[in-house]
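# show me how the following folds:
(one chain, ligands or ions: 1)
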Amino acid sequence: MIYFDNAATTKPSESVIKAVNDSLCEFGNPSSLHKLGLAASQRVAVSRKIIAASLGALPEEIFFTSGATESDNTAIFGAANSLGKRKKRIVVSSVEHPAVSEPCRQLEAKGFEVIRVSPRDGVFYPEDFIEAVNDNTCIISMMFFNNETGARLPVAETFRRLKKKYPDLLTHCDHVQGFMKERIKVKTLFADLISVSGHKLHAPKGIGALYIKKGIHIPSFIYGGGQESGFRSGTESVPLISAFGASIEELSNNMDSRVGIVTELSEYLREKLSQIEGVYINSPADATPFIVSFALKGYRSEILLHYLEQREIYVSSGSACSKGKKSSVLSEFGIPDDLADSTLRVSFSSENTLSEIDELISALVDAKQELVSK
Ligand code: PLP
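Numbers count the residues shown, from 1 in each chain. Below you'll find the predicted structure:
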């Protein structure tokens, strides 16, 4: 099997599987006062420390969630709940993941004004976000790398300049596709809130975190026993939290070599694709190397995807996002509809190899001969 769909989810690493197993065996409740409880709460504390360190944050600024969807929802609804009586504007990029764009749509229906900033000729400019923010804005949310094309958004520069002008404005970054793929510290990102997800980073599904800068108040949505400093009640999922910590620890230790491997893979794929007639690369040159989006003009994405699947090569179609619903992201980036409908997304992990790319390329060349173009 050749797995090129790592932006969707990743294979759990051995250290992750071990962490899950170990903490399932040591099954204590972190709130229990006895020895088993203490061991479980220590596991949670260790993971929190690892994730905090990877972002240059304090452990008490990291709150575990069920994944980035919950983190994003908590950030957007939390900002609206805490500041929305006085400040009714929300500014977001037009290419956010549904985990951000859908909460915005819900709030719009309730009277919030949502400004969606679009790229110009495929490029986002800080000035456009800065112009969209006013005194009435409760939150700005920008993703770090777009999940469909890998395009980079100018998050740090925009947030830095906005924080100077509007110190009370909440800044949120959906960092799902950038976390542990580029060294980012909370201080240099100027973000009050950061969402991350475990399963994109070789941890299991169902675990993520929200960084909340010390001093920022985001109201709780889940009340109960007061876990996560009262922010998110409910017995902690110790196996998932331990696994998340284990994956981040491992990835922190080999960040430079992983990024080096993936950069080489990405450059090789781009080069090979450019030699196939009818291929258009959608990802901009400065995109994350972990994602390469391209179109094979004249062939529908789904047909290509299943053709590749028959050869056990797994990629994602570019424009069909959540369960077949068509995403507007590619057209926001200026990619015409016919190319959007022919788009595939390859997303790497450092376990991929150059010879896997050769197999993908020869499968695409065969597809061109065997499949009927649309
Ligand atoms: N944000 C981005 C940019 C994503 O790519 C994803 C997942 O695809 C999410 C949010 C949602 O993450 P999760 O699956 O952890 O809820």
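
# and the spatially closest residue to Lys213 that is not a sequence neighbour, how many neighbours?
Spatially, and ignoring its direct neighbours in sequence, Lys213 is nearest to Asp192 (4.5 Å; Cβ to Cβ, 6 or more residues apart in numbering). In this view, the C-beta of every residue, glycine as well, is placed from N, C-alpha and C. When neighbours are counted by other Cβ atoms under 10 Å, Asp192 registers 25.

# and Asp192, how far from Tyr268?
39 Å (Cβ to Cβ, to the nearest Å).

# run through the residues that contact the residue nearest to Lys213.
Leu170, Thr171, His172, Ile212, Lys213, Ile216 (Cβ atoms under 8 Å, 6 or more residues apart in numbering).

# of these, just say which sits nearest to the ligand.
When those are compared for distance to the ligand (Cβ to the nearest ligand atom), His172 wins out at 11.5 Å.

# so the closest one touches Gly78, yeah?
No: if you go by Cβ atoms under 8 Å, His172 and Gly78 don't touch, sitting 9.3 Å apart.

# where does Pro284 fall, secondary structure wise?
Assessed by DSSP states H and E, Pro284 sits outside every helix and strand.

# quick one: average pLDDT of whichever helix or strand Glu127 is part of?
Assigned by DSSP H and E, Glu127 belongs to helix 126-132. Regarding helix 126-132, the rounded mean pLDDT is 98.

# same thing with stretch 79-92?
Mean predicted lDDT for stretch 79-92 stands at 94.

# is the ligand within reach of that stretch?
No: Stretch 79-92 lies out of reach of the ligand by Cβ under 6 Å from any ligand atom, never closer than 12.3 Å.

# just to revisit the earlier point, quick check on the residue nearest to Lys213: phi, psi?
The phi and psi values for Asp192, taken as degrees, to the nearest 10, are phi -80, psi -30.

# measure it to the ligand for me?
Applying Cβ to the nearest ligand atom, to the nearest Å, the value for Asp192 to the ligand is 17 Å.

# could you do Lys205 as well?
The spacing between Lys205 and the ligand, counted by Cβ to the nearest ligand atom, is 7 Å.

# tell me the pLDDT of that residue.
Lys205 carries a pLDDT value of 98.

# and the residue nearest to it when sequence neighbours are not counted, how many residues sit next to it?
Leaving aside its sequence neighbours, Lys205 sits nearest to His199 (Cβ to Cβ, 6+ apart; 4.2 Å). A count of nearby residues for His199, using other Cβ under 10 Å, gives 23.

# wait, His199 touches Thr9, no?
Yes: with contact defined as Cβ under 8 Å, His199 and Thr9 form a contacting pair (4.9 Å).

# checking the most centrally placed residue in the chain next. Helix, strand or coil?
Nearest residue to the geometric centre of the chain (Cα atoms, centre = their mean): Val176, 1.9 Å. Under DSSP: H, G, I helix; E, B strand; the rest coil, the three-state class of Val176 is coil.

# that one contacts Ser197, correct?
Yes: using Cβ under 8 Å, Val176 is in contact with Ser197, at 4.9 Å.

# on that earlier part again, what's the overlap in contacts for His199 and Thr9?
With Cβ under 8 Å, 6+ apart, His199 and Thr9 have common neighbours Lys205.

# what are the contacting residues of the strand or helix carrying Thr69?
Using DSSP H and E, Thr69 falls within helix 68-83. With contacts defined as Cβ under 8 Å, 6+ apart, helix 68-83 is touched by 65, 90, 97, 99-100, 103-104, 107, 112, 138-139, 141, 168, 170, 172, 174, 176, 193, 195-197, 208-210, 217-219, 221.

# quick check: nearest residue in space to Ser101, chain neighbours excluded?
Per Cβ to Cβ, 6+ apart, closest to Ser101 is Val92, 6.9 Å.

# which of the contacts of helix 68-83 fall in strands?
Those of these mapping onto strands are 65, 90, 138-139, 141, 170, 172, 174, 193, 195-197, 208-210, per DSSP state E.

# who does the nearest residue to Ser274 once chain neighbours are set aside bridge with?
Nearest non-adjacent residue to Ser274, counting by Cβ to Cβ, 6+ apart: Ile281, 7.1 Å away. With DSSP bridges as the criterion, Ile281 is bridged to Phe294.

# rewinding a little: now, among the ones in strands among the contacts of helix 68-83, which is nearest to Phe231?
Set against Phe231, the nearest of the ones in strands among the contacts of helix 68-83 by Cβ to Cβ is Leu210 (8.7 Å).

# what's near enough to touch that closest one?
Leu210 sits next to Ile62, Phe63, Thr65, Glu70, Ser71, Thr74, Ala75, Leu193, Ile194, Ser195 when contact means Cβ under 8 Å, 6+ apart.

# out of the residues you listed, who's the most crowded?
Compared across the contacts of Leu210, Ser195 has the highest neighbour count, 32 neighbours, by other Cβ under 10 Å.

# going along the chain, name the helices of the protein.
Counting by DSSP state H, the chain has helices at residues 14-25, 35-55, 68-83, 98-109, 126-132, 155-165, 186-189, 238-253, 255-274, 301-310, 329-332, 337-340, 354-370.

# wait, which of those helices is closest to Ala285?
Nearest to Ala285, of all these, is helix 255-274, at 8.9 Å by Cβ to Cβ.

# which strands and helices sit next to the closest one?
Helix 255-274 sits against strand 279-281, strand 291-296, helix 354-370, with contacts defined as 3 or more Cβ pairs under 8 Å, 6 or more residues apart in numbering; DSSP states H and E.
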